[in-house]
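Novice: Sequence first, predicted model second:
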Amino acid sequence: MLTWKDVIGFAVNGNPGPDNRVNKSEAEWKEILSPEQYKITRKKGTEAPGTGALCNAFESGKYKCVCCHTPLFDSTIKFSSGTGWPSFTQPISENAVKYEKDDSFGMVRVEIMCNTCDAHLGHVFPDGPEPSGLRYCVNSESLILKKSNKNDN
């Protein structure tokens, strides 16, 4: 289980390598993403709180990167944070998410990105529920929910 100390360590000292990499040109990203998805994932935008389609989705399944379809979060670690963005306590694997220091807007935060394609997802904070104490605050537009089928193993 990742902790805030792990997150800071990755942001400062480097991230674990991804299982694979997806690289596309800006033109290719624009072709496959909606304008809003492109603005958020490729230009580090943020959707308005409470507007994302996945804020109140709690169906069983995997949350994947909208850009490269890499699994990032599982529905079992999603929680209602009251912030207006989907929130998770852990990524699906230690190397699914990439961490970078973000000192924009006069504050210091830790940005989270897809480790496979560098899509901006949101930020992680040390104010989540136990046992990790982490809150991965993610833009709905950066995710797709692959719902579990009751016949899935």
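Specialist: Arrived safely, thanks for sending. Numbering: from 1, shown residues only.

Novice: what ranges do the helices span in the protein?
Specialist: 4-13, 26-32, 35-43 (DSSP state H).

Novice: Give the rounded mean pLDDT of the second one.
Specialist: Per-residue pLDDT over helix 26-32 has a mean of 97.

Novice: Any idea how many residues pack against the closest residue to S81 other than its chain neighbours?
Specialist: Computed as C-beta to C-beta, 6 or more residues apart in numbering, the closest residue to S81 that is not its neighbour in sequence is S87, at 3.7 Å. For glycine as for every other residue, the C-beta is placed from the backbone atoms N, C-alpha and C. For S87, the count of nearby residues is 24 (other C-beta atoms under 10 Å).

Novice: if I look at S87, how far off is R42?
Specialist: Per C-beta to C-beta, to the nearest Å, S87 is found 23 Å from R42.

Novice: Contacts only, for the residue nearest the centre of the chain.
Specialist: Nearest residue to the geometric centre of the chain (C-alpha atoms, centre = their mean): L121, 4.0 Å. Listed by C-beta atoms under 8 Å, 6 or more residues apart in numbering, the contact set of L121 reads 41, 65, 72, 97, 112-114, 136, 138-139, 142-143.

Novice: Looking at those residues, spot the one nearest S81.
Specialist: If you rank the contacts of L121 by distance to S81 using C-beta to C-beta, Y136 comes first, at 9.6 Å.

Novice: Tell me what the closest residue to the closest one other than its chain neighbours is bridged to.
Specialist: Spatial nearest neighbour of Y136, chain neighbours left out: F88 (4.3 Å); criterion: C-beta to C-beta, 6+ apart. Beta-bridge partners recorded for F88 (DSSP bridges): K78, Y136.

Novice: Excluding chain neighbours, what is closest to E36?
Specialist: Counting by C-beta to C-beta, 6+ apart, E36 lies nearest to E141, which is 5.3 Å off, once chain neighbours are set aside.

Novice: The one you found reaches Y38, doesn't it?
Specialist: No - distance between E141 and Y38: 9.2 Å, which falls outside the contact criterion (C-beta atoms under 8 Å).

Novice: The two - which one has more neighbours?
Specialist: E141 (24 against 20).

Novice: Let me know the pLDDT of that one.
Specialist: pLDDT recorded at E141 is 97.
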